[in-house]
Structures are given as C-alpha cells and as structure tokens.
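In: return atomic coordinates for the entry below.
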Amino acid sequence: MGSKPVKFILVGLWNTAIGYITFIALELLFRRQGTHYLVALVLSQIMIIANAYFCYKFWVFKTSEVSWAEPSRFGLIYGLNFLANLFLLPIFVNIAKMTPIMGQGVVVVILASANYFAHNYFTFRQEPATKRGGVVATIPKPRSCEP
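Out: Next comes the predicted model:
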C-alpha cells in the first residue's frame, strides 16, 4: 500500500489519534483532581512511543536493522519532539489563551512534518549495502570497467 510518505501519514494519524484521545481523557480526568495538564501530556506521550516505533519500523520504513542504534535514534527524536511539545504547549495555553486540548491540537500539527523528516533521514535511514559497522567497504571494479 502506498508510498513511504503516505504510510508515514497514516501511522502518524493513527498514533496521533491514540495519543490525542489519551491526552484528552487524562486531561479531563486530571482536571477534576486539580492535576496539571502537563502530567496528562507526559503520560500520553509515554503510551504512544512503542506503538509509533513498531509501526514506523515494520510498516513504513521496513528496516531490518537489529541493534541499539535505531531505537536509540528513535528515542532521541521522540525525546526532542517531547521537549518541543513541553515548550510549545504552555505557550499556546498561557500566551495564546487556548485550552490545553486545543493547544495540543496545534502543537501536533506543527511537530508532525518535522518528525517525518527526522525519522526518514535519521532514525530509519537505510545504510548503503557497502557500509557495515561504521566502515565503508570498498568494492573492486570489474576488470571490464578498467581502461
């Protein structure tokens, strides 16, 4: 089905829907208890990370890498995304005077395109077949190519 950007958008919509619905439910629940809306943000982010990783790895980018490097890169991108979210959401709530639910909706849209490029070119980048373990292997030219 579809190209990598289309699949990324579909997984992003799926994951965003899960994360946003979780955020809304937790925000409404915690609001009654007087808990800060950023607690709902933290918990909803934690809940969607594993879902996102496996969907992106096996369906969108179809990588076969088995190492700590790829999940580490994924964690770095999600960590930066999370920090950006922690920074932006209070701006929309406190300065733009949006509700936390509306502000989070705006933040999600802002961060979505940045995430595609980060995951495509960093997290799930495909190494050339000649590169192994950080060392680029040289492949000799066939004799027919030499002058």
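In: same for the helix or strand where Ser113 lies, what does it pack against?
Out: Using DSSP states H and E, Ser113 sits in helix 100-118. In terms of contacts (3 or more Cβ pairs under 8 Å, 6 or more residues apart in numbering; DSSP states H and E), helix 100-118 is packed against helix 4-33, helix 37-55, helix 69-90. Quick note: C-beta positions are derived from backbone N, CA and C, even for glycine.
In: and those as a markdown table, adding distance to Leu111, mean pLDDT and mean neighbour count?
Out: Compiled in a markdown table, the helices and strands packed on helix 100-118 are given as follows (distance: least, Cβ to Cβ, whole Å; pLDDT from 0 to 100; neighbours: other Cβ atoms under 10 Å):
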| stretch | distance to Leu111 | mean pLDDT | mean neighbour count |
| --- | --- | --- | --- |
| helix 4-33 | 10 | 91 | 15 |
| helix 37-55 | 11 | 90 | 17 |
| helix 69-90 | 6 | 92 | 16 |
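In: nearest to Pro100, of those?
Out: Pro100 sits nearest to helix 37-55 of all these, at 3.9 Å, using Cβ to Cβ.
In: perfect, that will be all.
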